Structure formats: C-alpha cells, structure tokens
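J.: How does the following fold in three dimensions:
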Amino acid sequence: MRINSKMGGRGAKGKLGAVRKKKDAYLTPRKRVCRFCADKIEKIDYKDIRRLEYFITDRGKIVSTRFSGNCARHQRRVSEAIKKARFISLLPYVR
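T.: Model prediction:
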C-alpha cells in the first residue's frame, strides 16, 4: 500500500487537502502602501513623535520596510528622523 505524501496520507477527498487550499488563501501577501506617498507628505519631521512612534517596536528597534510598507526613499527619511529624535532625546533608544 502506497501513501500519497502530498495529501498527508489521505485521499483526494480527505479533509487535510481542503485545509491546505484554504490556508494558501491566507498566505497571499497583501500589497502595502507607503503612508507618506499616499498622504502626499513631503517632509518627515523628527519632532513629530506620534508619527515616528508607529515605526518603532516595543524594544526600540526601527521597523523594516517589509512591515511598515514604506517605499525606500521614505524609509530612509524615517530612519534618519528617528535617529535625530533619539539623539535629542525626544524618543527613547530602548523602552
């Protein structure tokens, strides 16, 4: 007797196959839009702490482009603004 490895040992009508198809729908990546491009914000100010706190984790790390959805230009400007705000002690280095 041979076991079909793709279906996890079940036939084509098994429940496990249906679960995998449903799971694949959740794994499709959602297109993230840069907030600054969408709102047409040209200048990212280091004094605007509320906006910058969104791009910092609980431990104080700068969130990557993959998670924030920023374009490369705005991600560089956000990281510069966060570093300036930290230096002037508007934002903490570590929480």
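J.: Could you pull out the helices in this protein for me?
T.: Along the chain, counting by DSSP state H, helices occupy 15-26, 35-38, 49-53, 65-68, 72-87.
J.: I'd like the distance between Gly60 and Tyr26.
T.: Note on Gly60: its distance to Tyr26, by CB to CB, to the nearest Å, is 30 Å. Every residue, glycine included, has its C-beta placed from N, CA and C.
J.: Next: His74.
T.: 28 Å.
J.: How about Ser64?
T.: Taking CB to CB, one finds Ser64 at 21 Å from Tyr26.
J.: more crowded one of the two?
T.: For the pair Ser64 and Tyr26, the greater number of neighbours falls to Ser64 (12 against 6), based on other CB atoms under 10 Å.
J.: measure the more buried one to Phe55 for me?
T.: 10 Å.
J.: picking up where we left off before, of the helices of the chain, flag the one that's most buried.
T.: Of the helices of the chain, the one with the most neighbours on average (mean count of other CB atoms under 10 Å) is helix 72-87, at a mean of 17.
J.: Which other helices and strands does that one contact?
T.: The helices and strands touching helix 72-87, judged by 3 or more CB pairs under 8 Å, 6 or more residues apart in numbering; DSSP states H and E, are helix 35-38, helix 49-53, helix 65-68.
J.: Could you rerun that using 7 Å?
T.: helix 49-53, helix 65-68 (3 or more CB pairs under 7 Å, 6 or more residues apart in numbering; DSSP states H and E).
J.: Contacts made by it with the rest, please.
T.: 34, 36-37, 44-46, 49, 52, 55-56, 62, 65, 68, 70, 91, 93 (CB atoms under 7 Å, 6 or more residues apart in numbering).
J.: pLDDT of that helix, averaged?
T.: Mean pLDDT, helix 72-87: 96.
J.: tell me how far that helix is from the chain's mean position?
T.: 17 Å (CA atoms, centre = their mean, to the nearest Å).
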